[in-house]
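# Next comes the sequence, and after it the predicted model I'd like to discuss.
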Amino acid sequence: MLNENNVQYLGYISLGTPPQRFKTVFDTGSSVLWVPKKGCRSRGPVVEHCASGTELYDPEASSTKKSTNQPFQITYGTGSVKGYLYDDIFAFGDPKGSQLKLKKPVRFGAGEQMTFGDVSILGLPSTDSQGETSIFHEAVEEGLMDNPIFTTYLTKCAQQQCDNGGIITFGEEDTKNCGKVADWVSVVPRTTHWKVKMAGLKVGDQFVNVSVNGVSDTGTSHLIVPTNVMRTIVQQLKPQQVQGGYLMQCNSKFSISVIINNKEYPISSDNLLIPQQGNLCQLAIAGGDFPFVLLGDPFIRSYCQVHDVKNRKLGFAPANGSPQPTPYNGGGNGGNGGNNEGNGGNDGRNGGNGGRNGGKDNGGRHGGHGGRHGHGGNNGGNQDFPFFDTFKGTPFEDIFKKVIEDMKNRY
């Protein structure tokens with residue numbers, strides 16, 4: 001996978017015959033697939049494909065396409081995408097290399113007008129949404145996977161862009177880059193998110209109760225915690241506060257632990273600090289009054305996520321170089337079982353009535369600061385995100401401008 005500034009991770013898919021390649025976000029916080037279409041129009045802080053004419057779906061160039069003549073529209077807090085639904089041949093991977101091609105055509109959105117960004121999205125939900133079968137679930141039903149699982153392994157990049165930013169392994173565990181699964185945790189019912197019960201977090205040796213669920217999400221570049229937890233983190237770590245965020249020396253040593261199912265998963269400072277300028281790093285943790293904790297890329301870089309779609313369980317396996325989780329028997333109430341969040345109808349890009357046919361996105365696209373995804377839900381639709389002012393005038397400004405548009409609108 002391609003790692004862009006430790007903010008977003010991109011892989012390849014193809015659509016059509018002959019195959020048309022797309023660099024796409026493999027997003028465990030979304031449910032559907034859409035790509036920008038030839039002739040599209042997009043506007044926003046940073047848009048790439050419509051203006052340049054690159055990586056756009058051209059239905060006229062595909063001999064296997066079928067137009068449904070059905071419009072789709074998804075509305076977010078700060079933008080939208082609309083176009084038409086198509087059926088065409090889909091494959092995981094780069095057409096120039098090895099691919100896994102589905103037997104049946106898949107249905108997806110071809111975006112014609114976009115107001116938040118124009119990078120394609122492949123949703124990888126825990127369950128089907130609104131009666132529609134997700135791409136991965138379809139592949140499982142076709143018998144293309146040895147096992148109905150996929151594993152995400154992400155790495156940290158020292159440069160602005162790395163080609164070897166991680167791997168998504170479909171159909172099996174990643175035994176090369178990940179250790180043995182330390183624990184399997186059931187996903188909270190009635191949601192498409194990969195949501196699990198949490199007991200709390202530890203800042204150093206200090207336990208902080210967290211009575212909400214945690215959401216594993218490859219589309220969020222930071223660890224997003226409740227405001228009271230963020231206050232404790234600031235008190236303990238004493239980072240330098242700047243406009244909208246916090247800076248620390250890149251050689252700082254500390255850890256934040258996530259407690260799930262009576263196991264403590266430490267996240268080292270190496271995975272929580274994003275290089276900015278010189279020896280200054282951005283602290284990849286943010287707080288807000290959100291009804292969940294977003295276990296974004298810092299957690300996923302530390303612990304590979306093994307997604308079992310058949311049994312709706314999430315496995316945590318130490319990534320190479322990360323410690324094994326340790327037993328934890330003190331503090332915490334085990335989470336609230338998902339009562340603070342809506343059901344699958346409000347998930348991800350599908351919105352309240354969305355599914356693959358669009359509709360109003362009541363939940364938005366992901367939460368908090370510092371990732372592709374923003375906070376929507378009940379609290380975040382009007383949230384301000386001054387955090388990104390930190391990056392003005394730096395090489396990171398453009399990528400974070402793009403990120404902020406999507407970040408305001410996730411859950």
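Perfect, I can see it now. Residues are numbered from 1 along each chain as shown.
# so what's the residue nearest in space to the middle of the chain scoring on pLDDT?
For the chain, the residue nearest the mean C-alpha position is Gly219 (1.8 Å; Cα atoms, centre = their mean). pLDDT for Gly219: 84.
# Could you do the one 3 residues further on as well?
Per-residue pLDDT puts His222 at 92.
# Next: the one 5 residues further on.
On the pLDDT scale, Thr227 is placed at 90.
# ok, it - how many residues close by?
Look at Thr227: counted by other Cβ atoms under 10 Å, it has 12 neighbours. C-beta: built from backbone N, CA, C; applies to glycine.
# Now do it against Gly97, distance only.
According to Cβ to Cβ, to the nearest Å, Thr227 stands 45 Å off from Gly97.
# Check Gly44 too.
31 Å.
# quick one: which of those two has more around it?
Neighbours per residue (other Cβ under 10 Å) separate Gly44 from Gly97, with Gly44 holding more: 17 against 7.
# can you pull the contacts of Lys180?
Ala317 (Cβ atoms under 8 Å, 6 or more residues apart in numbering).
# Using the three-state scheme, assign it.
coil (DSSP: H, G, I helix; E, B strand; the rest coil).
# Which pLDDT value belongs to it?
Here, the pLDDT recorded for Lys180 equals 97.
# And it, how far from Val196?
Remark: distance between Lys180 and Val196 (Cβ to Cβ) = 19 Å.
# In the stretch 101-250 of the chain, mark out all the helices, start to finish.
Per DSSP state H, counting those that start in this stretch, the stretch 101-250 of the chain carries helices over the ranges 135-141, 227-237.
# Which other helices and strands does the shortest one contact?
Judged by 3 or more Cβ pairs under 8 Å, 6 or more residues apart in numbering; DSSP states H and E, helix 135-141 has no packing partners among the helices and strands.
# so what's the nearest residue to Gly330 once chain neighbours are set aside bridging to?
Distances taken as Cβ to Cβ, 6 or more residues apart in numbering place Phe207 nearest to Gly330, at 6.7 Å, with adjacent residues excluded. For Phe207, the beta-bridge partners are Lys202 (DSSP bridges).
# Against Pro189, how distant is Ala125?
Just so we're on the same page, residue 125 is Pro rather than Ala. On the measure of Cβ to Cβ, Pro125 and Pro189 end up 14 Å apart.
# let me redo that: Pro71
Where Pro189 is concerned, Pro71 sits at a distance of 32 Å (Cβ to Cβ).
# Over to Pro59?
The gap separating Pro59 from Pro189 is 38 Å, by Cβ to Cβ.
# Comparing these two, which residue is more hemmed in?
Ranked by neighbour count (other Cβ under 10 Å), Pro59 and Pro189 place Pro59 first, with 18 against 12.
# ok now do the more buried one, which residues does it touch?
Residues counted as contacts of Pro59 (Cβ under 8 Å, 6+ apart) are Gly16, Lys37, Lys38, Lys65, Ser67, Tyr86, Asp88, Ala110.
# how near is it to Ala199?
Going from Pro59 to Ala199 by Cβ to Cβ gives 49 Å.
# coming back round to it: quick check on the contacts of Pro59: which are buried?
Those of the contacts of Pro59 that meet the buried threshold are Gly16, Lys37, Lys38, Lys65, Tyr86, Asp88, Ala110, by 16 or more other Cβ atoms under 10 Å.
# can you list the weak-confidence ranges in the stretch 301-411 of the chain?
Low-confidence segments of the stretch 301-411 of the chain, defined by pLDDT under 70: 331-411.
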